[in-house]
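1. Okay, predicted coordinates and the sequence, questions at the end:
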Amino acid sequence: MTTSEYASERETTEGRVFTVTGGDWDSLTASVDPLSNEKIVVNMGPQHPSTHGVLRLVLELEGETVTECRPVVGYLHTGIEKNLEYRNWTQGVTFVTRMDYLSNMSNEVAYCLAVEKLLGVTDQITERTNTIRVMFMELQRIASHLVWLATTGMELGAISMMLYGFREREYILDIFEETSGLRMNNGYIRPGGLAQDLPESAVKKIRDFLKYLPKKLKEYEAMLSGQVIWQQRTQGVAVLDVTGCLALGITGPVLRSAGLPWDLRKTMPYCGYENYEFDVPTATTGDVWGRYLVRVAEIRESLKIVEQALDRLRPGPIWIEDKKIAWPSQLALGLDGLGNSLEHVAKIMGQSMESLIHHFKLVTEGFRVPPGQVYVAIEHPRGELGVHAVSDGGTHPYRVHYREPSFVNLQAIPAMAEGALLADVIAGGASLDPVMGGCDR
Amino acid sequence: MSIQSGTEGSAPVGAELGAPAQTPPSPDKGMFGVKGTGDVSGFGRLTRPRPAVFSSPRPYGEYFDDVYDALEEAYPALSEAIEKVVVDRAELTLHVRAEHIVEVCQVMRDDAALRFELCSSVDAVDYLGSDERRFHIAYQLTSMTYRRRVRLEVAVADGVTVPSVTRVYPTADWQEREIYDMFGVVFAGHPNLTRILMPDDWEGHPQRKDYPLGGVPVEYKGAEIPPPDQRRVYQ
């Protein structure tokens, strides 16, 4: 029954099914009788390079026009929220950081803000910690937007953009590695403080990066903005206006590309964002082009914030004063990774029995969080990241739910894709910047 | 703390294979003798009844009084719809009866003095054992006009349906599907209430408190991951 080497076909109860692997579209169309079979159902993904991870789209096509689009998610569900309930509040950080793997720091900050609000210690977080948190969230935003630029460039045919985007992101991951010992999944932001202080070497790296990136950004714009193919693949494609965005709950750069300057850093500030000067870039077109402009402009704004944060950085404690919450360790970056510093171990062991007991209790058992529930939201690279945390008074979260912007934003794919061309599904889906690890959790 | 050497007559499981020593867990005790969610600490949460949640007295403070008054004016049947009003940690929670949730959402969205245009999040919490109506659905509403947030909470028992708010907030579509998938709460009037994160043929609802973590056979290999309270036993 095989019509060609590539596009194999088989008969099923649902009709004829073809398996297409790419480059064999001609042999498929040749074997479909256009008179009896007007409608084709294409199953795109879950393993498709332009679906940003394991997203599956079931598309009904008439010719090249999409008449129906059904997104299928869940292929990366790992039960992170369930797992959180079996670990103490501090250990939760290492779980949430793995949700949206392109914005680990933002996930961690959102979680820690929720725990701190439950504890009622939001005001006691030190100035230095807040500044470092802001700086790292913004570096994370830049890294995330660079990956967006890279992958979207690749999907729309600008392969070199992919190499450049990932290359520049590597600088930021180096900074994270210098500080936390890990490039991704850092586990660096902790309830009440930070895993360890920002080393001087990282400050120097950040300063260098601030000089380096603006030049590169100009190069990208020179490469993409004036290019006719890029313009035609993005302008007027996958339009979603403010009404549509609000109805579907879309936030972040997609909402701002439609013209509404809603940015939680400005409208509901946290971590001291009200003390920084930056603009909220918007566009009015509501299409992929507008989202591109907004994201590139946001990288520039984030650079401004990082620079201000560096200037505000003063020596000081990173942990909250309350010794019943503050992690009693002093981590040091050794040759074999991050670990407890030997001096600190010697100090605890030699000091007093009580401090050893306290250390042991806090590390093994964790601190208790008064019962209640909070909802904390931050501006994530992809939109509103909300954490609904519930405590029953114990040392473990009773329930933590992540309102993931990737999950909510993906609902917009049918609205963008239906009635448009098949090729624009790729551009529209990419412009939402979904990260499936975050979507499926 | 020492690793238990095993009950009489039973060698630690896996001891011959060179694996970390495991002893069969006693039937009525989890890790460290604690039931319920496995507490790796061993000392806390022996039994912890969830404290009752009471209505907060007026004035609620901040913008909460304005929101409540505006809602009362726009929705005269409010006293029937609302069970209690809780202000905690600078957040307002309106506990709404399930049958009124769609109307309340509609008013919250459309009234000029309320304008909660965005439904940020819909999720559920399972209060098994501490509340007869174990599933609490929380709707986090955001007013972009006034920069306010309010949480609506609906409590239902197992098997009771909740009206779907997708007609008012289409964004609730996938989030209600997730709640159905994870907790088994059925939303009446939802356009397509199917599983979303778990496979379609999955049995059970994983986020329920009586659903175990781990211990579920892994497809393809016949392997099984032991639940965390049975991986190691220190006693």
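-> Received it, and whenever you're ready, just let me know what you need.
2. Now A:Glu127. Nearest residue, chain neighbours left out?
-> Take A:Glu127 and drop its neighbours on the chain: the residue closest to it by CB to CB, 6 or more residues apart in numbering or on different chains is A:Gly316, 6.3 Å away. No exception for glycine: its C-beta is placed from N, CA and C like everyone else's.
3. Next one: the one you found from chain B, what distance?
-> Distance from A:Gly316 to chain B, counting by CB to the nearest CB, to the nearest Å: 27 Å.
4. domains of the chain?
-> Went with chain A since none was named. Dividing chain A into domains by automatic domain parsing, as the record does, gives the ranges A:8-72, A:123-321+A:407-440, A:331-364.
5. meant chain B actually
-> B:1-46, B:64-188.
6. Looking at these, which is nearest to A:Leu303?
-> Of all the domains of chain B, it is domain B:64-188 that lies closest to A:Leu303, at 26.8 Å by CB to CB.
7. tally of neighbours for B:Arg57?
-> Arg isn't right for residue B:57; it's Pro. One way to gauge burial is a neighbour count; for B:Pro57, by other CB atoms under 10 Å in any protein chain shown, it gives 8.
8. And the residue of chain B that's closest to chain A?
-> B:Thr171 (2.8 Å; CB to the nearest CB).
9. got a pLDDT number for residue 117?
-> Here I'm looking at chain A. Listed pLDDT for A:Lys117 reads 93.
10. that's the wrong chain, I meant chain B
-> Note for B:Glu117: predicted pLDDT of 91.
11. Please apply the same query to A:Ala30.
-> 69.
12. likewise A:Ala202?
-> Checking the pLDDT column for A:Ala202, the value is 91.
13. In which helix or strand does B:Gln175 reside?
-> For B:Gln175, the enclosing helix or strand under DSSP states H and E is helix B:172-183.
14. Rebuild the domains of chain A as a markdown table, extending it with mean neighbour count and distance to B:Ile82.
-> Formatted as a markdown table, the entries for these read as follows, by neighbours: other CB atoms under 10 Å in any protein chain shown; distance: least, CB to CB, whole Å:
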| stretch | mean neighbour count | distance to B:Ile82 |
| --- | --- | --- |
| domain A:8-72 | 14 | 36 |
| domain A:123-321+A:407-440 | 20 | 25 |
| domain A:331-364 | 13 | 41 |
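15. Next up, the contacts around A:Leu248.
-> For A:Leu248, the set of contacting residues under the criterion of CB atoms under 8 Å, 6 or more residues apart in numbering or on different chains consists of A:Leu240, A:Val408, A:Asn409, A:Gln411, A:Ala412, A:Ala415, B:Pro170, B:Thr171.
16. Looking at the residues you listed, which is nearest A:Leu213?
-> Minimum separation from A:Leu213 among the contacts of A:Leu248 (CB to CB) is found for A:Asn409, which lies at 25.9 Å.
17. Now that closest one: closest residue in space, sequence neighbours ignored.
-> Distances taken as CB to CB, 6+ apart put A:Leu432 closest to A:Asn409, at 4.8 Å, once the chain neighbours are dropped.
18. how near is that neighbour to chain B?
-> Applying CB to the nearest CB, one obtains 13 Å for the distance of A:Leu432 from chain B.
19. same question, A:Ile320
-> Plainly put, A:Ile320 is 17 Å away from chain B if you go by CB to the nearest CB.
20. For the residue nearest to that residue when sequence neighbours are not counted, give its distance to A:Trp327.
-> Counting by CB to CB, 6+ apart, A:Gly192 is the residue found nearest to A:Ile320 once chain neighbours are left out, at 4.2 Å. As defined by CB to CB, to the nearest Å, A:Gly192 lies at a distance of 7 Å from A:Trp327.
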